[in-house]
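Sequence and computational prediction follow.
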Amino acid sequence: MKLATFTNGGAAMPGVVINETTIVPLGALAPDMLTLIANWDALQGAVEAAAAARTGALDLAAVRLLAPVPRPGKILAIGLNYADHIAETGMEKPVHQIWFTKPGTAVNGPYDDIQIPRGSTMTDYEVEMVVVIGKGGRHIAKEDAAAHVFGYCVGNDVSERVWQRRTAQFTLGKAFDTHAPFGPWITTADAAGDVHELGIRCVVDGETRQDSNTQHLIFSVWDQIAELSTVMTLEPGDVIYTGTPGGVGAARKPPAMLLPGCHVRCEIDGLGAIESRCIAE
Ligand code: ZN
């Protein structure tokens, strides 16, 4: 199943996306995606019934999709998690998982504009598979991790490299407003297939810049959930950016950064695509 958050001019609400052409509103069942995810066991049957009946169905192209979880409780992101990306940065393969956070204010819709920060000439793209947590928990074992995933999205971990590199912490360089687009919907875990075998690409102005496969993740999704939940309670709707493959703009020779006017498309097989235009802040 594919679940999106959308607005049809009024309040945002969740909906079921059918055939990528139709959306069935679920506002009568849950006011927002966090509520839907947190109560999924109780609501799944009613969601499936609404989808089958096409109750109140709308043309998907006529509504505006927002980030599937408009304000996650946490947005966590792992650095240096594909071998080819590590090689291009000149860094060592990490012994421990490298985590940083992106603030809720960075969340951006799947087709909304990315702001190039004032004065920035080093804003970069990073296509990533995004995990949305379903059942929360602490100390989740690697072998139990799959049961805690609600679904998967396509994300762009937009990164301002000057701010990222000028201190030992990545966080500020990853935290600008609009720099966490994801979507276009959540593909539920049961419908996503083997998520460690998905083609993943980023195309800027028609040129393919990143072209890899999630089979090359160094720390798997299950490794990541086990590590994070050792430290913190994961909660329904928490969002995890799982790392980017090689080909980022800063590592190209010469660098090929995002500037106002650029068009960025991030896509993952089976999960869809998000597309953004870059504008000056
Ligand atoms: Zn990243």
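Arrived safely, thanks for sending.

so for stretch 32-47, what's the average pLDDT?
Stretch 32-47 carries an average pLDDT of 98.

What are the buried residues along it?
By neighbour count with 16 or more other Cβ atoms under 10 Å, stretch 32-47 contains the buried residues 32-38, 40, 43, 47. All C-beta atoms are positioned from the backbone trio N, CA, C, and that covers glycine.

which pair in these spans the largest distance?
34 and 47 (14.8 Å; Cβ to Cβ).

returning to that earlier point: can I get the buried residues of stretch 32-47 in TSV with distance to the ion and secondary structure?
Output for the buried residues of stretch 32-47, formatted as TSV (distance: Cβ to the ion, whole Å; DSSP: H, G, I helix; E, B strand; the rest coil):
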residue	distance to the ion	secondary structure
32	26	coil
33	23	helix
34	24	helix
35	29	helix
36	27	helix
37	23	helix
38	27	helix
40	28	helix
43	32	helix
47	31	helix
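
how is this protein carved up into domains?
Domain ranges of the chain: 2-65, 75-280, per automatic domain parsing.

most packed of the ones you listed?
For the domains of the chain, average neighbour numbers computed from mean count of other Cβ atoms under 10 Å are highest in domain 75-280, which has a mean of 19.

Name the nearest residue to whichever residue of the chain sits closest to the ion, ignoring sequence neighbours.
The ion sits closest to residue 157 of the chain, with a gap of 3.4 Å, by Cβ to the ion. Using Cβ to Cβ, 6 or more residues apart in numbering and skipping the chain neighbours, the partner closest in space to residue 157 is residue 126 (4.0 Å).

The one you found and residue 246 touch, don't they?
No. Using Cβ atoms under 8 Å, residue 126 is not in contact with residue 246; the gap is 10.5 Å.

Overlap of the contact sets of the two?
Common contacts of residue 126 and residue 246 (Cβ atoms under 8 Å, 6 or more residues apart in numbering): residue 210.

residue ranges of the helices in the stretch 51-200 of the chain, please?
For the stretch 51-200 of the chain, applying DSSP state H, counting those that start in this stretch gives helices covering 83-89, 161-165.

For the last one, C-alpha coordinates in PDB please.
Extracted C-alpha coordinates of helix 161-165, given in PDB (Å, rounded to 0.1, in the frame of the first residue of the first chain):
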ATOM      1  CA  ARG A 161      29.100  21.500   2.500                       C
ATOM      2  CA  VAL A 162      30.700  24.600   3.900                       C
ATOM      3  CA  TRP A 163      28.600  24.500   7.000                       C
ATOM      4  CA  GLN A 164      29.000  20.700   7.100                       C
ATOM      5  CA  ARG A 165      32.800  20.700   7.000                       C
END
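
Alright, that wraps it up for me.
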